[in-house]
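*Asks:* Give me coordinates for this.
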Amino acid sequence: VTGGHNGTLIFNDLAASPGVISATNGGGLFFENADGAYTFNDKVTLNGGNAHIEILGTGDAANGSEGTFTFVDADITNPAGDGVLPTPDAAIEIDDSEVIFTYTGTIVSNVTDAVILTNNSGGSITFNSTIASTQGMLIQDNAAGTILFADAITLTGAGAGIRILENTGANVTFSGTIAS
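*Replies:* Next up, the predicted model:
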């Protein structure tokens, strides 16, 4: 979804339990300058290739995404990343935006960071999900808003850690357990 979309997209499962979206290859779910309401009311499974969730602005916060994103039951497993530095993708990446984002499910990321949240100008980002990663998480240069990790986080491996840098006005909270 790109280009300043401001409508409503609701994804509901029409059959018994196969889920709304299943991606085993490709890039997953990509939103750029997405200003609408996006609700995924059933299972979203991203587990192959570089299948992940990416919400971006177009290089500056003025053209960032300002939508509401709700994932009721999602699982992301080991996206490959694109390798482009300084941030080579993550299981979930939100950048240059001011979104209301709620993710419930699991994240397992042993190739890329589990979560990258950078350059956001406000909003509310909530993870009601378990996160397991050998690579870690990056929360950097967020000027405002609230970021909540409400469930267990397990970080293992040499690259694992939570990097929280230069968030001048953002409130970052971890209310679940953190294990390494």
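
*Asks:* The worst-scoring helix or strand of the chain on mean pLDDT: what's the following helix or strand?
*Replies:* Ranking every helix and strand in the chain by mean pLDDT, DSSP states H and E puts strand 21-23 at the bottom, with a mean of 88. As assigned by DSSP states H and E, the chain's next helix or strand after strand 21-23 is strand 28-32.

*Asks:* Could I get the buried residue list for that next one?
*Replies:* Under the neighbour-count criterion of 16 or more other C-beta atoms under 10 Å, strand 28-32 has 28-29, 31-32 buried. For glycine as for every other residue, the C-beta is placed from the backbone atoms N, C-alpha and C.

*Asks:* For it, which helices and strands make contact with it?
*Replies:* strand 37-46, strand 52-56 (3 or more C-beta pairs under 8 Å, 6 or more residues apart in numbering; DSSP states H and E).

*Asks:* Ala15: which of these is closest?
*Replies:* Distance to Ala15, taken as C-beta to C-beta, is lowest for strand 37-46 among those, at 9.7 Å.

*Asks:* contact partners of that closest one?
*Replies:* Outside of strand 37-46, the residues within contact range by C-beta atoms under 8 Å, 6 or more residues apart in numbering are 1, 7-13, 17-23, 28-29, 31, 52-53, 67-77, 79, 91, 105.

*Asks:* how about a cut-off of 7 Å?
*Replies:* 8-13, 19-23, 28, 52, 67-76, 79 (C-beta atoms under 7 Å, 6 or more residues apart in numbering).

*Asks:* Verify the stated contact: Thr8 with Asp35.
*Replies:* No - taking contacts as C-beta atoms under 7 Å, Thr8 lies outside contact range of Asp35: 11.0 Å.

*Asks:* Compare neighbour counts for these two and give me the winner.
*Replies:* Higher neighbour count among Thr8 and Asp35: Asp35, with 20 against 11, using other C-beta atoms under 10 Å.

*Asks:* mind checking pLDDT for that one?
*Replies:* As predicted, Asp35 sits at a pLDDT of 93.
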